[in-house]
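A.B. asks: Here is a sequence with its predicted model. Questions after.
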Amino acid sequence: MNFNNNFLFPINACCRDIASRWDSLQTGFSFAFFEEHVRSQNPMPSDCHTYVPTFIVPATKAPWDRYAKAAKCGQIAALEKGLVYCTAAKAMVPKSTTDLLANAHAQCRLFDILLASESEDAQKRRDDRVKGGKARQERLRPAKEYAFHLFRSMRPEEGWKNAGEAARAIYPHVKDFVSRNRLALLPAESLIRTIRGWLRAAFYMAV
């Protein structure tokens, strides 16, 4: 009896779909390594629905931040389960290859949904940082105006040498003002950098 391997063609095509998504993650591991990991689990058709993904990317291998890491783990899990269905479809047991591949493609669609969700979440975090920065600037506006007042009133006869000198001189007063008025308190180094930034434009206008 000749073995007909034509049934492998749609399975291999599905594996290529998974491989392209895997490569887009830039995990630091090749798809061949990932595929070998799944094969080593020896998944059978009857095991697929209860299969628990086990592939873990060490933090040192991938360039993800702490927000992206959790999202990537979910995406990897979807690809692993999709690959499990593909691997199980190659087993010579009475189980519909079509059903297994349908489930594998469903995992690819899940990956795409998770990837889109991660992009939306990342954009929301960027927007929130911008909004937070603007809100912080607004809360510190009274301190900024007070800093400009001190810049003018404490100006030595020979003038300020530079914005850094002015910032260091008025910093204790601005810090006290921020504390007394319960404004958004920044760490000392951040506050003095903020004051220096405020005064830089005023300094060049004054000289």
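C.D. replies: Cool, the structure landed.

A.B. asks: Let me know the pLDDT of Ser20.
C.D. replies: pLDDT, Ser20: 96.

A.B. asks: for the helix or strand where it lies, the distance to its chain's centre please.
C.D. replies: According to DSSP states H and E, Ser20 maps onto helix 8-25. Counting by C-alpha atoms, centre = their mean, to the nearest Å, helix 8-25 is centred 25 Å from the centre of its parent chain.

A.B. asks: Report all helices and strands that that helix contacts.
C.D. replies: Judged by 3 or more C-beta pairs under 8 Å, 6 or more residues apart in numbering; DSSP states H and E, the packing partners of helix 8-25 are helix 31-40, helix 66-89, helix 97-139. The C-beta positions use only the backbone N, C-alpha and C, and glycine is treated the same way.

A.B. asks: Name the surrounding residues that touch stretch 39-46.
C.D. replies: Stretch 39-46 is contacted from outside by 51, 54, 84, 87-89, 91, 93, 95, 100, using C-beta atoms under 8 Å, 6 or more residues apart in numbering.

A.B. asks: Mind putting the helices and strands packed on helix 8-25 into a markdown table with mean neighbour count and mean pLDDT?
C.D. replies: Putting the helices and strands packed on helix 8-25 into a markdown table (neighbours: other C-beta atoms under 10 Å; pLDDT from 0 to 100) gives the following:
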| stretch | mean neighbour count | mean pLDDT |
| --- | --- | --- |
| helix 31-40 | 15 | 94 |
| helix 66-89 | 20 | 90 |
| helix 97-139 | 14 | 83 |
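
A.B. asks: picking that back up, just the CA trace of the helix holding Ser20, in PDB.
C.D. replies: Extracted as PDB, the C-alpha positions of helix 8-25 are listed here (Å, rounded to 0.1, in the frame of the first residue of the first chain):
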ATOM      1  CA  LEU A   8       0.200  17.100   4.400                       C
ATOM      2  CA  PHE A   9      -0.100  20.000   1.900                       C
ATOM      3  CA  PRO A  10      -2.900  21.900   3.800                       C
ATOM      4  CA  ILE A  11      -1.200  21.100   7.100                       C
ATOM      5  CA  ASN A  12       2.100  22.500   5.900                       C
ATOM      6  CA  ALA A  13       0.400  25.600   4.600                       C
ATOM      7  CA  CYS A  14      -1.200  26.200   8.000                       C
ATOM      8  CA  CYS A  15       2.200  25.700   9.600                       C
ATOM      9  CA  ARG A  16       3.600  28.400   7.400                       C
ATOM     10  CA  ASP A  17       0.800  30.800   8.500                       C
ATOM     11  CA  ILE A  18       1.800  30.100  12.100                       C
ATOM     12  CA  ALA A  19       5.500  30.500  11.300                       C
ATOM     13  CA  SER A  20       5.000  33.900   9.800                       C
ATOM     14  CA  ARG A  21       3.200  35.100  12.900                       C
ATOM     15  CA  TRP A  22       5.900  33.500  15.100                       C
ATOM     16  CA  ASP A  23       8.700  35.300  13.200                       C
ATOM     17  CA  SER A  24       6.800  38.700  13.600                       C
ATOM     18  CA  LEU A  25       7.100  38.300  17.400                       C
END
